[in-house]
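A.B. asks: Sequence plus predicted model, see below.
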Protein chains: 2
Amino acid sequence: MIRERHLFGPGPSNPYPEATRALAEPLLGHLDPEFLRIMDETCEMLRTAWGTSNARTLPLSATGSAGMEAAFVNTVHPGDVVVVAVNGLFGQRMTDVAARCGAEVVSVDHEWGQPVDVDRVLAAHPSPAIVAAVHAETSTGVRSDIAALGAGLRAQGADALLLVDAVTSIAGIELRADDWGVDIGYAGTQKCLGVAPGLAPFTINDRAFARRVERPRSWYLDLGMLGGYAGEAGVKDGGAGQRTYHHTAPTAMVASLHAGLTRILDEGLEAVWARHQAAGDALQSGLEEMGLELFAAQGHRLPELTTVKVPDGVDSAAVRRELLERHGIEIGAGAGAYAASVWRIGLMGRNARPDAVLLVLAALRDVLGR
Amino acid sequence: MIRERHLFGPGPSNPYPEATRALAEPLLGHLDPEFLRIMDETCEMLRTAWGTSNARTLPLSATGSAGMEAAFVNTVHPGDVVVVAVNGLFGQRMTDVAARCGAEVVSVDHEWGQPVDVDRVLAAHPSPAIVAAVHAETSTGVRSDIAALGAGLRAQGADALLLVDAVTSIAGIELRADDWGVDIGYAGTQKCLGVAPGLAPFTINDRAFARRVERPRSWYLDLGMLGGYAGEAGVKDGGAGQRTYHHTAPTAMVASLHAGLTRILDEGLEAVWARHQAAGDALQSGLEEMGLELFAAQGHRLPELTTVKVPDGVDSAAVRRELLERHGIEIGAGAGAYAASVWRIGLMGRNARPDAVLLVLAALRDVLGR
């Protein structure tokens, strides 16, 4: 029996129907001219989604966490100082990944639920090689101001590279990598891009690429070798199709990402952002009207991912189980120390719609008896 | 327009229809009880495909090359001697990956097209930490005798771990990891398993796991952390569902692998091997009857991947282009130095059938004018 779910957790979300259909289309080989066209167009659409003109913008062949690893493994030289803004689980993860790459990590810790304090991050070290932050913390539902962080680095005349996690922000909220001074960014497909998990959209600019590790510890994620594979439009051959075999691209997943991006850009990126904002606003109002308390700091709440405190005396896991069993609705537990005291409700991609807002509110009312 | 291809190259192959349909089924979250059941069953079916009872048998969330990286990054301690049998591109790649992990690599080079010389590999170093070899060399179409290599290591009383690439052998030819003494193995989904590219079936036994690197350089491929994610049936919790969140599993791809494996085991693994053997034998006979010369050493030819010499005066790329454009058939170029002088014809998974043999032979006759 096939179970149908409303995926209203922190991801994956229900894919756009176009993205699902593309998964089931006849498979292409990874060197087929038709697939290379799909790959080139995907990279070009990803540039739009990132707000970048970086030639080296491509979907890595693994999930978003591998994007994080690729970001650090290609740019951290042994002993490099890496300042990491930690305001949730994914900032924490960055410190682990960077340390494994040989970085001297300077962690700037924040209370969970709060945005990154740009001034503290800028003051954390006089000359870091890299400053890293999460744009949309999936663990807490908080948006941080990457534009301000980038502007602050420029104002300092700092030479540091700005490395940003956009897993839960891309195609959900405003993201302008070039305008904001983002040098290296990674994302995932299974959130606001509305595609199944399995790829990590990635971008790196010339400045960061020039400083890369020549032979990184990871062969699979070695951007120097991956460039040829994705064509590196405008870098090597004008995108004319001189491809180097590196590994077998996950062709079905790339075709699906192509379809999801096409759908998003047909609607218009700013319209998609507005749709996420409207759904998130309506959800958050509705939850407060129900007497529930939101977790993320006011003024910094992500529309695509809402965190809400579990009311006293309510069994978090039992509610999630009932939502799943009675209504086919998945919402997320909290992360880390908040596993049992916070719920995470995502309305991402296809699910950023008024009917999804109504449904999740009604189902919560039903299960909570409110 | 949707292009349909006969994928008769070195992979990906055309997936089993069941595997394609599963990709388009409603997406599940990576922590959904229904998905955890699918994951557990997938791991169990992978054990059968590998011929192992290893608890730590799971699909890694990236393509086969990441499986290679996971194999080395989790087991190579800095300065470890790693003997690599190199008889093609993927053996070469192993030397690069192992070196990046800090190994002292001892490369045992062979002429391409020849199988691994077990005696030379056994004599290459008195006390290696790891001995690595490719079971089915995708670059040359050659099968090596992993059973003999494992037996030789045991006869020596060697303490070395045996690490095997089974990307192109799994579910295509006989593979008995436990009987043969394989300690660590990785594979891919896009060859004889008949599933789209995107996952790396992986297995590691207790002996190898006990010697693993505690905090490997890769966070994404850290088996110590991945065990909890895949349930590690029989290791931690008897498969009862105590899962640790590590990364978001590519749920659509795992569901597709589940469907492909179900199809294969319904047919019967030995019947599937026999079907590959019959198709490969018929193809190779037909090619020789056409006056073409096979590349791989006689007696060591893979049935699922046939290498054939491009006749003198024939433009290899032009023939491949014509096959693709006129008949929708993809075959592969040669690898490395043989790019223009060898073709690679794969009849893998769903394509290991008599009609596929007839079609590719007829199309080659047509395009070559023979």
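C.D. replies: Yep, that arrived. Numbers count the residues shown, from 1 in each chain, chains lettered A, B, ... in the order given.

A.B. asks: what residues does the stretch 151-300 of chain A put near chain B?
C.D. replies: A:188, A:190, A:196-198, A:215-220, A:246-253 (Cβ under 8 Å from any Cβ of the partner chain). All C-beta spots, glycine's among them, are computed from the backbone N, C-alpha and C.

A.B. asks: Show me the shaky parts of the stretch 201-350 of chain A.
C.D. replies: Scanning the stretch 201-350 of chain A for pLDDT under 70 picks out A:228-243.

A.B. asks: follow-up on the earlier one: and the buried ones among the residues of the stretch 151-300 of chain A next to chain B, selectable in PyMOL?
C.D. replies: Buried members of these, defined by 16 or more other Cβ atoms under 10 Å in any protein chain shown, are picked up in PyMOL with:
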select buried, chain A and resi 188+190+196+197+198+216+217+218+219+220+246+247+248+249+250+251+252+253
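
A.B. asks: From the residues of the stretch 151-300 of chain A next to chain B, which land in helices?
C.D. replies: If you go by DSSP state H, those have A:251, A:252, A:253 in helices.

A.B. asks: Out of those, which comes closest to residue B:137?
C.D. replies: Nearest to residue B:137, judged by Cβ to Cβ, of these is residue A:251 at 22.5 Å.

A.B. asks: ok, the closest one - contacts?
C.D. replies: Residues counted as contacts of residue A:251 (Cβ atoms under 8 Å, 6 or more residues apart in numbering or on different chains) are A:27, A:28, A:29, A:30, A:35, B:12, B:196, B:197.

A.B. asks: of all those residues, which two lie farthest apart?
C.D. replies: Pairwise distances across these peak at 12.0 Å for A:35 and B:196 (criterion: Cβ to Cβ).

A.B. asks: Let me know the distance separating residue A:339 from chain B.
C.D. replies: From residue A:339 across to chain B, the span is 10 Å (Cβ to the nearest Cβ, to the nearest Å).

A.B. asks: I meant residue A:337, not that one.
C.D. replies: Noted for residue A:337: a distance of 14 Å to chain B, by Cβ to the nearest Cβ.

A.B. asks: Phi, psi for the residue nearest to that residue when sequence neighbours are not counted please.
C.D. replies: Closest residue to residue A:337 apart from its sequence neighbours, by Cβ to Cβ, 6 or more residues apart in numbering or on different chains: residue A:112 at 7.5 Å. The phi and psi torsions at residue A:112 (degrees, to the nearest 10) take the values phi -70, psi 140.

A.B. asks: Can you give me every residue that contacts residue A:112?
C.D. replies: When contacts are counted by Cβ under 8 Å, 6+ apart, residue A:112 touches A:87, A:88, A:139, A:140, A:336, A:337, A:338.

A.B. asks: Please apply the same query to residue A:342.
C.D. replies: By Cβ under 8 Å, 6+ apart, the contact set of residue A:342 is A:295, A:307, A:308, A:309, A:310, A:333, A:334, A:335.

A.B. asks: tell me, how many neighbours does the residue nearest to it when sequence neighbours are not counted end up with?
C.D. replies: Using Cβ to Cβ, 6+ apart and skipping the chain neighbours, the partner closest in space to residue A:342 is residue A:334 (3.1 Å). Burial measure for residue A:334: 24 neighbouring residues, criterion other Cβ atoms under 10 Å in any protein chain shown.

A.B. asks: ditto for residue A:93
C.D. replies: Neighbour count for residue A:93, taken as other Cβ under 10 Å: 21.

A.B. asks: need the strands for the stretch 51-200 of chain A, in chain order.
C.D. replies: Using DSSP state E, counting those that start in this stretch, the strands of the stretch 51-200 of chain A run over A:56-60, A:81-86, A:104-109, A:130-134, A:136-137, A:142-143, A:161-165, A:184-186, A:200-204.

A.B. asks: Taking strand A:161-165 as reference, get the angle to the last one.
C.D. replies: Per axes from the mean of the first three to the mean of the last three Cα atoms, to 10 degrees, the angle that strand A:200-204 makes with strand A:161-165 is 170 degrees.

A.B. asks: Now the helix or strand following strand A:200-204: buried residues?
C.D. replies: The element immediately downstream of strand A:200-204 (helix or strand, assigned by DSSP states H and E) is helix A:206-210. For helix A:206-210, the neighbour count (16+ other Cβ under 10 Å) marks A:208, A:209 as buried.

A.B. asks: quick one: residue A:152 from residue A:173, how far?
C.D. replies: Distance from residue A:152 to residue A:173, counting by Cβ to Cβ, to the nearest Å: 20 Å.

A.B. asks: My error: substitute residue A:81 in the last question.
C.D. replies: Separation of residue A:81 from residue A:173 (Cβ to Cβ): 30 Å.

A.B. asks: do the same with residue A:369
C.D. replies: Distance of residue A:369 to residue A:173, given as Cβ to Cβ: 33 Å.

A.B. asks: circling back: quick one: which of the contacts of residue A:112 is the most crowded by neighbours?
C.D. replies: Sorting the contacts of residue A:112 by how many neighbours each has (other Cβ under 10 Å) puts residue A:140 first, at 33 neighbours.

A.B. asks: Can you give me the pLDDT of the closest residue to that one other than its chain neighbours?
C.D. replies: Using Cβ to Cβ, 6+ apart and skipping the chain neighbours, the partner closest in space to residue A:140 is residue A:88 (4.5 Å). Per-residue confidence at residue A:88 stands at 98 (pLDDT).

A.B. asks: Residue nearest the middle of chain A, spatially speaking?
C.D. replies: Taking Cα atoms, centre = their mean as the criterion, residue A:167 is the residue nearest the geometric centre of chain A, at 0.6 Å.

A.B. asks: Give me the phi and psi for it.
C.D. replies: As for residue A:167, its main-chain torsions (degrees, to the nearest 10) stand at phi -60, psi -50.

A.B. asks: how deep is residue A:293 tucked in, by neighbour count?
C.D. replies: By the measure other Cβ under 10 Å, the count of residues near residue A:293 is 10.

A.B. asks: Name the nearest residue to it, ignoring sequence neighbours.
C.D. replies: Closest residue to residue A:293 apart from its sequence neighbours, by Cβ to Cβ, 6+ apart: residue A:309 at 4.6 Å.

A.B. asks: do residue A:282 as well
C.D. replies: In space, residue A:282 is closest to residue A:357, 4.6 Å off (Cβ to Cβ, 6+ apart).

A.B. asks: How is the one you found assigned, secondary-structure-wise?
C.D. replies: In three-state terms, and counting by DSSP: H, G, I helix; E, B strand; the rest coil, residue A:357 is helix.

A.B. asks: wait, it sits on residue A:281?
C.D. replies: No: Residue A:357 is beyond contact range of residue A:281, at 9.2 Å (criterion: Cβ atoms under 8 Å).

A.B. asks: who has more neighbours, these two?
C.D. replies: Applying other Cβ under 10 Å to residue A:357 and residue A:281 shows that residue A:357 carries more neighbours, namely 23 against 14.

A.B. asks: Kindly list the longest helix within chain A.
C.D. replies: If you go by DSSP H, chain A has its longest helix at helix A:269-289.

A.B. asks: Only alpha carbons, please: show that helix as PDB.
C.D. replies: Provided in PDB are the C-alpha atoms of helix A:269-289 (Å, rounded to 0.1, in the frame of the first residue of the first chain):
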ATOM      1  CA  LEU A 269      11.300  33.900  -7.800                       C
ATOM      2  CA  GLU A 270       9.900  36.900  -6.000                       C
ATOM      3  CA  ALA A 271       6.400  35.600  -6.300                       C
ATOM      4  CA  VAL A 272       7.500  32.300  -4.800                       C
ATOM      5  CA  TRP A 273       9.100  34.200  -1.900                       C
ATOM      6  CA  ALA A 274       5.900  36.100  -1.400                       C
ATOM      7  CA  ARG A 275       3.900  32.900  -1.400                       C
ATOM      8  CA  HIS A 276       6.100  31.500   1.300                       C
ATOM      9  CA  GLN A 277       5.800  34.700   3.300                       C
ATOM     10  CA  ALA A 278       2.000  34.700   3.100                       C
ATOM     11  CA  ALA A 279       1.800  31.000   4.100                       C
ATOM     12  CA  GLY A 280       4.200  31.500   7.000                       C
ATOM     13  CA  ASP A 281       2.400  34.600   8.200                       C
ATOM     14  CA  ALA A 282      -1.000  32.900   8.100                       C
ATOM     15  CA  LEU A 283       0.400  29.800   9.900                       C
ATOM     16  CA  GLN A 284       2.100  31.800  12.600                       C
ATOM     17  CA  SER A 285      -1.000  34.000  13.200                       C
ATOM     18  CA  GLY A 286      -3.200  30.900  13.400                       C
ATOM     19  CA  LEU A 287      -0.900  29.200  15.900                       C
ATOM     20  CA  GLU A 288      -0.900  32.200  18.100                       C
ATOM     21  CA  GLU A 289      -4.700  32.500  17.900                       C
END
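
A.B. asks: Perfect, I'm done here.
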